[in-house]
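Student: pasting the structure only:
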């Protein structure tokens, strides 16, 4: 498989994103602790690295939303893990590996907004050039249409643990 994004570039961009989000929260005037919500399973490695580099106190929570089976994302969004944190009046950052069609993220946003946060931002590791969903922050904008594996991205549940991001279809 061909490396699309090497580990050292991922590390640099994720650290810079953590500092940017921390600084933004400090300037927001909201004195409540922000909540970082990881969309499982794909974002767990990105999320872990991101929150380790946050320079402020944060709360963390997880939501598991599933719409893929293999490479097919035509199914309905189902939730197998719900948010447990009180989000009332808090700034919330939803962290995902990427937003593809936007169907899953829209369902997650509905769940989060129903819990009355003061503000919600979407943070992704990558964003496709062809993407139609407007994310607030991304570490790697303008990615192509490859099927990514590694650093949380999977192929039928495998390859998430790779340190680099690869194009699964290249040799």
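Tutor: Good, I have the coordinates. Quick caveat: nothing in here was measured; it's all calculated off a predicted structure. Residues are numbered from 1 along each chain as shown.

Student: ranges for the helices of the protein?
Tutor: In the chain, the helices defined using DSSP state H lie at 7-28, 44-52, 103-113.

Student: return the most buried member of those helices.
Tutor: For these, the largest average neighbour count (mean count of other C-beta atoms under 10 Å) is found in helix 44-52, namely a mean of 19. No exception for glycine: its C-beta is placed from N, CA and C like everyone else's.

Student: got the angle for it vs helix 7-28?
Tutor: Using axes from the mean of the first three to the mean of the last three C-alpha atoms, to 10 degrees, the inter-axis angle of helix 44-52 relative to helix 7-28 is 50 degrees.

Student: quick one: residues in contact with helix 44-52.
Tutor: With contact meaning C-beta atoms under 8 Å, 6 or more residues apart in numbering, helix 44-52 is reached by 10-11, 14-15, 17-18, 21, 36, 38, 58, 60, 95, 97, 123, 125, 151-152, 160-161.

Student: what about the longest strand in this structure?
Tutor: Ordering each strand of the chain by length in residues (DSSP state E) puts strand 119-128 first.

Student: nearest to residue 138, of the helices of the chain?
Tutor: Closest to residue 138 of the helices of the chain is helix 7-28 (C-beta to C-beta; 8.4 Å).

Student: starting at the chain centroid, how far to that closest one?
Tutor: Centroid separation between helix 7-28 and its chain, computed with C-alpha atoms, centre = their mean, to the nearest Å, is 13 Å.

Student: what bridges to the residue positioned nearest the centre of the chain?
Tutor: Centroid-nearest residue in the chain, with C-alpha atoms, centre = their mean: residue 96, separated by 1.5 Å. When bridges are called by DSSP bridges, residue 96 pairs up with residue 124.

Student: quick one: contacts for it?
Tutor: 39, 42-43, 104-105, 108, 122-125.

Student: make CSV out of the helices of the chain and add mean pLDDT and distance to residue 165.
Tutor: Converted to CSV, the helices of the chain look like this (pLDDT from 0 to 100; distance: least, C-beta to C-beta, whole Å):
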stretch, mean pLDDT, distance to residue 165
helix 7-28, 97, 7
helix 44-52, 98, 10
helix 103-113, 95, 19
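
Student: out of the ones you listed, nearest to residue 130?
Tutor: helix 103-113 (15.2 Å).

Student: now do that closest one: which elements does it pack against?
Tutor: Packing contacts for helix 103-113, counted by 3 or more C-beta pairs under 8 Å, 6 or more residues apart in numbering; DSSP states H and E, involve strand 35-40, strand 59-66, strand 91-96, strand 119-128.

Student: TSV for these, including mean pLDDT and distance to residue 166?
Tutor: Formatted as TSV, the helices and strands packed on helix 103-113 follow (pLDDT from 0 to 100; distance: least, C-beta to C-beta, whole Å):
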stretch	mean pLDDT	distance to residue 166
strand 35-40	97	21
strand 59-66	94	22
strand 91-96	98	19
strand 119-128	96	12
